[in-house]
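Novice: Compute the structure for the input listed below.
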Amino acid sequence: MRKRLLASLSALALLTVVGTSGVAASHVSSELIAGNPTCNGTKIDPVNAGTYNLVGGGTITITLGAGNTFTFTVDGADVTSIVVKGGPNALLYTNPGEGSILHAQVNPNNGKYYGLSHLCINSEKDGGGGKK
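Specialist: Below you'll find the model as predicted:
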């Protein structure tokens, strides 16, 4: 009985730690950019899951999620910004961390995120330009 209680408490503690870190990692603020901004970094169009070479070096791996969302991991570079185009405008995420859940703006007609048209990834290796 005591072993079962210890195992249950250990599992609960692990779930609490994992759950907390997952929520913290997914919160990222964004800035609305009107229209279709120019991309001077790495453009991913169309947005598909996979690994892409970044301008200046390094790679980014895009993983698509539910409801027109995505996450990413990077190797060999630091991402300084990601512009997500979907619908009539774009969202700028500055210094998004790996594991962040990113998306286009919300469609006011249905309350869901617009589909992902294209991404513009900027890193310290390309000068971080092309944000607007």
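
Novice: element containing the residue nearest to N36 when sequence neighbours are not counted?
Specialist: Computed as C-beta to C-beta, 6 or more residues apart in numbering, the closest residue to N36 that is not its neighbour in sequence is K85, at 6.3 Å. C-beta here means a position set from N, CA and C on the backbone, and glycine is covered the same way. Using DSSP states H and E, K85 maps to strand 79-86.

Novice: partners of that strand, with directions?
Specialist: Here strand 79-86 is paired, per DSSP bridges, with strand 89-94 (antiparallel), strand 118-123 (antiparallel).

Novice: that older thread, burial of the residue nearest to N36, as a residue count?
Specialist: The local packing of K85 (other C-beta atoms under 10 Å) involves 25 other residues.

Novice: Same check on the one 10 residues further on?
Specialist: Counted by other C-beta under 10 Å, the residues lying close to N95 total 13.

Novice: Touching, it and T80? I think so.
Specialist: Yes. Assessed by C-beta atoms under 8 Å, N95 is found in contact with T80 at 6.3 Å.

Novice: and H103, what is it in contact with?
Specialist: Contact partners of H103, counting by C-beta atoms under 8 Å, 6 or more residues apart in numbering, are G67, N68, T69, F70, V84, G86, L91, Y113, L116.

Novice: Next, work out how far apart the third one and G50 are.
Specialist: With distances defined as C-beta to C-beta, to the nearest Å, the gap from T69 to G50 amounts to 16 Å.

Novice: The two: which is more packed in?
Specialist: With neighbours defined as other C-beta under 10 Å, T69 and G50 compare such that T69 has more, 17 against 11.

Novice: what are the ranges of the strands in this protein?
Specialist: For the chain, the strands defined by DSSP state E occupy 31-33, 42-44, 50-53, 59-64, 69-75, 79-86, 89-94, 102-103, 118-123.

Novice: The fifth one - which strands sit beside it in the sheet, and in what orientation?
Specialist: Yep, that's strand 69-75 we're talking about. Sheet pairing for strand 69-75, using DSSP bridges, gives strand 59-64 (antiparallel), strand 102-103 (antiparallel).

Novice: Quickly compare those strands and say which is most buried.
Specialist: Across the strands paired with strand 69-75, averaging neighbours per residue (mean count of other C-beta atoms under 10 Å) puts strand 102-103 on top, at a mean of 21.
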